[in-house]
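1. next come a sequence and a model predicted from it.
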Protein chains: 2
Amino acid sequence: MLFTDLYELSMARVYHAEGLEGDAVFELFYRRLPEGRDYVLSCGQAQALQALLDFRVTPEELDWLEGLGRFPRDFLEMLSGLRFTGDVDAIPEGSVVFPLEPVLRVRAPLIQAQLVETLLLNTLHAQSVLASKAARVMQAAGGRPVMDFGARKAHGREGAMNLARAAWVAGAAGTSNVEAGRALDIPVLGTMAHSFVQVYGDEAQAFRAFSHYWPETTLLVDTWDTLNGVDRVIELLRSAGEGPRPATAVRLDSGDLPELSRAARQSLDAAGFPEVKIIASSGLDEYAIRDLVGSGAPIDGFGVGTEWAAVSDAASIDFAYKLAEYNGEPRIKASSNKSTWPGPKQVWRHSEQGRMVGDTVAAADEPAPEGAEPLLQPAIRAGNACTGAFPTLQTVREHAARELAALPETLRSLTPVDTPYPVAISDRLESRKQQLIQAYRGRKSDD
Amino acid sequence: MLFTDLYELSMARVYHAEGLEGDAVFELFYRRLPEGRDYVLSCGQAQALQALLDFRVTPEELDWLEGLGRFPRDFLEMLSGLRFTGDVDAIPEGSVVFPLEPVLRVRAPLIQAQLVETLLLNTLHAQSVLASKAARVMQAAGGRPVMDFGARKAHGREGAMNLARAAWVAGAAGTSNVEAGRALDIPVLGTMAHSFVQVYGDEAQAFRAFSHYWPETTLLVDTWDTLNGVDRVIELLRSAGEGPRPATAVRLDSGDLPELSRAARQSLDAAGFPEVKIIASSGLDEYAIRDLVGSGAPIDGFGVGTEWAAVSDAASIDFAYKLAEYNGEPRIKASSNKSTWPGPKQVWRHSEQGRMVGDTVAAADEPAPEGAEPLLQPAIRAGNACTGAFPTLQTVREHAARELAALPETLRSLTPVDTPYPVAISDRLESRKQQLIQAYRGRKSDD
């Protein structure tokens, strides 16, 4: 498992040589909301936890490390037997999380806790970026089905799998990615490409052929001229006998979608096919879908690709993994704008009538605030998975749906709110932080 | 190999049933430059070609497909024996490419050429996005070394590997990602994290310990107070005896970098350590680096993470994979704003005194324009790799350096130019397109 930053190994070597074997508590959280966003839908916990359970350095990796000539033999021997033996608490996957809230808390011997930083951040970050985008796309679609068509524009094959998974967690109807369908047991969906029509060179003939083998399908109508394509579909519907209908939907993939969808709807209705649906794709994101829905365009479902994969508007979230305690002593970082709070924490969520109204980040040893629910739950103890640490993807999807439904009404819009969701830092946590800062200042002025 | 969109399989099933077994030519290109960009550094060719050579559907995948109940047995049997037997021409990896230029041209039996669309697009797109960003970061740094620190914010582990690879191709000094260093044989680099200082709780002690095991290292000075951290480094340098120097650089990771770097430089110089370098990180991208360099901030090297991985300013490029010919007949797509040119193409590059001055996209059967160089080169013939199709990564890096050096001066700035790099469509190609459009119009008006 060499998916780690070199400096983790450099630090680990010093910890090992110096006998720094105490337990460290690290917390993974994000500092600020991406611009224009009001919440993050957390995702990737299952893979992050599994990676900890699977953590080991292989003999081949050790040979390579040795060949670097950088690390002494006793350190490499220690690495060869290293397993993750610590405890992890995690906010369940598919939960809505806010700034400064630890999504994952690791308590483990220092070297273990340090070496897994890159892996944990990479996993939680990438999937939370995708799930948060997907949640907004689903919100914009207002209940209309949305299909993930993003495999080709995702960051690699793994990125495409993560996208399909995150989109499914956030409520997508399914994915075009067959590998994701197989690996994750989620519905695979899709229609036809322009190349199919181009191969036939004749749209009517192409439609006839496709619907002969795939009746009740969706036909792509914009290869040459969208409304002409719709007319070809109508002819095909009219020529169909008693059997299954040749098509149940048309797909528009270019041009002025509000105008074209209205014209297509009119043609289909006038021809007596009001039940044939209209699906749209073509560079859509949550903003475009919101505008289409808002304009009353008669579109029944959406395919979203590039923007779902690329997340241009919030391609990263400033997740960090920070030391909160070493050997029982609280720790902070005081760099400008990047300071942290000391000690292990718990996140408490306050709700009223099924809606979340505010969270409190408190020291883990504080008593529960009245009526609040603790978000961090035991996931790994002494290196073993806790019961319930790996819910099915279906369960995660249902949890995410409940979480998104429980968001305050103002946060369910795509427009960022003026007043962010309230996340309080408990008095005890704040005063412990101030004490620690005073202590560091004292030490500095002694120098 | 089920990393494909479902519709590729749906179309393939029709092609198979209908006996459409002719050769298809597909071309992979991008339509428009991302906003604010003047070129794309193409990357990922090696993996794309390897994926074609490795293409097959496994027995497990076939069982799963059969279980879907969607595909007939004879189609699945055909899939089970399917290999890529076609020809591929590719522009060498690390080349600079412009809109409408085919980066990859596939000629293969229709089903093969269709099924690999998702895979080819995914591979070339993701890595070209990363390499293009990396090229700009390197330009901004103006020769100062830049390290890839992006593993934790990349889209998954594969995304992190792609980032390290693309950054190396574009000229980075190395990567912090140990797995990438091992798999790709590129330098691994890194310093220390704030948590190291936090663990010790005492900065001077932490620095002493780290440099004892890693002399001539870079020390991170901003865990609590940057300039105080610099003073600790100076003390350590002063206390060092005749042995190796404790530190050769300090790293700043927060705060006002121009101001802090000047103050740090002044302290180090005044203390008699003008040779100790200053490295900066902290949310840097090409714009921030340009501004730092422009301000004269005395920074000797940069670590770039989040923005290099996320590519917020151009998270996608509109790459497409379009049919150009079927069974010897040219094909086009005429959708609004997404039209294509017919037939297989070649890209010709015109240079003057070592600088590229314009490209021409021409039909593959046109004679070579005088003095121009053909960019598409044979890569696979009849399913087998051509000699030279897999240059070493070092060769790719050197090629990219030459390409970036040959860019017109105006394109080497981060500011987009008013007059884009000239890409001409040959007269013959344009007139063939118009003929085909007329033919389609004729067919339509006959309806």
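-> Received, thanks. Numbering: from 1, shown residues only, chains lettered A, B, ... in the order given.
2. so residue A:344 is in contact with residue A:325, correct?
-> Yes: assessed by C-beta atoms under 8 Å, residue A:344 is found in contact with residue A:325 at 5.9 Å. C-betas here are computed from N, CA, C, even on glycine.
3. now do the shared contacts for the two.
-> Listed contacts common to residue A:344 and residue A:325 are residue A:25; contacts here mean C-beta atoms under 8 Å, 6 or more residues apart in numbering or on different chains.
4. can I get the CA coordinates of stretch A:196-208 in CSV?
-> Extracted in CSV, the C-alpha atoms of stretch A:196-208 (Å, rounded to 0.1, in the frame of the first residue of the first chain):
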residue,chain,number,x,y,z
PHE,A,196,-25.8,4.4,-35.2
VAL,A,197,-27.9,6.7,-37.4
GLN,A,198,-24.8,7.6,-39.3
VAL,A,199,-23.8,4.0,-40.0
TYR,A,200,-27.3,3.5,-41.6
GLY,A,201,-27.0,6.8,-43.3
ASP,A,202,-30.8,6.9,-43.3
GLU,A,203,-32.6,7.8,-40.1
ALA,A,204,-35.9,6.0,-40.8
GLN,A,205,-34.1,2.8,-41.6
ALA,A,206,-31.8,3.2,-38.5
PHE,A,207,-34.8,3.7,-36.2
ARG,A,208,-36.7,0.7,-37.7
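5. contacting residues around it?
-> By C-beta under 8 Å, 6+ apart, the residues outside stretch A:196-208 that reach it are A:209-210, A:219-220, A:223-224, A:228-229, A:232-233, A:235-236, A:246-247, B:11, B:14-15, B:20, B:24, B:110, B:323, B:326, B:329, B:331-333, B:443.
6. equivalent analysis for stretch A:375-389, please.
-> With contacts defined as C-beta under 8 Å, 6+ apart, stretch A:375-389 is touched by A:45, A:49, A:52-53, A:83-92, A:95, A:97, A:101-102, A:105, A:345-349, A:359.
7. buried residues in it?
-> Within stretch A:375-389, the residues that count as buried by 16 or more other C-beta atoms under 10 Å in any protein chain shown are A:375, A:376, A:379, A:380, A:383, A:385, A:386, A:389.
8. same check, this time on stretch A:180-187
-> Buried-residue list, stretch A:180-187, by 16+ other C-beta under 10 Å: A:180, A:181, A:182, A:186.
9. which among those residues are in contact with chain B?
-> Restricting the buried residues of stretch A:180-187 to those touching chain B (C-beta under 8 Å from any C-beta of the partner chain) yields A:181, A:182.
10. so which of the buried residues of stretch A:180-187 belong to helices?
-> The members of those that map onto helices under DSSP state H are A:180, A:181, A:182.
11. okay, residue A:242: pLDDT?
-> Looking at residue A:242, its pLDDT reads 84.
12. buried members of the contacts of stretch A:375-389 into PyMOL, please.
-> The buried subset of these, as determined by 16+ other C-beta under 10 Å, is captured in PyMOL by this line:
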select buried, chain A and resi 45+49+52+84+86+87+88+89+90+91+92+95+97+101+102+105+345+346+347+348+349+359
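13. list the contacts of residue A:115.
-> Applying C-beta under 8 Å, 6+ apart to residue A:115 gives the contacts A:4, A:8, A:9, A:12, A:55, A:82.
14. closest to residue A:214 out of those residues?
-> Closest approach between the contacts of residue A:115 and residue A:214, by C-beta to C-beta: residue A:55, at 45.6 Å.
15. burial count for the closest residue to residue A:299 other than its chain neighbours?
-> The shortest distance from residue A:299 to any residue other than its chain neighbours is 4.7 Å, reached at residue A:280 (C-beta to C-beta, 6 or more residues apart in numbering or on different chains). Using other C-beta atoms under 10 Å in any protein chain shown, residue A:280 has 26 neighbouring residues.
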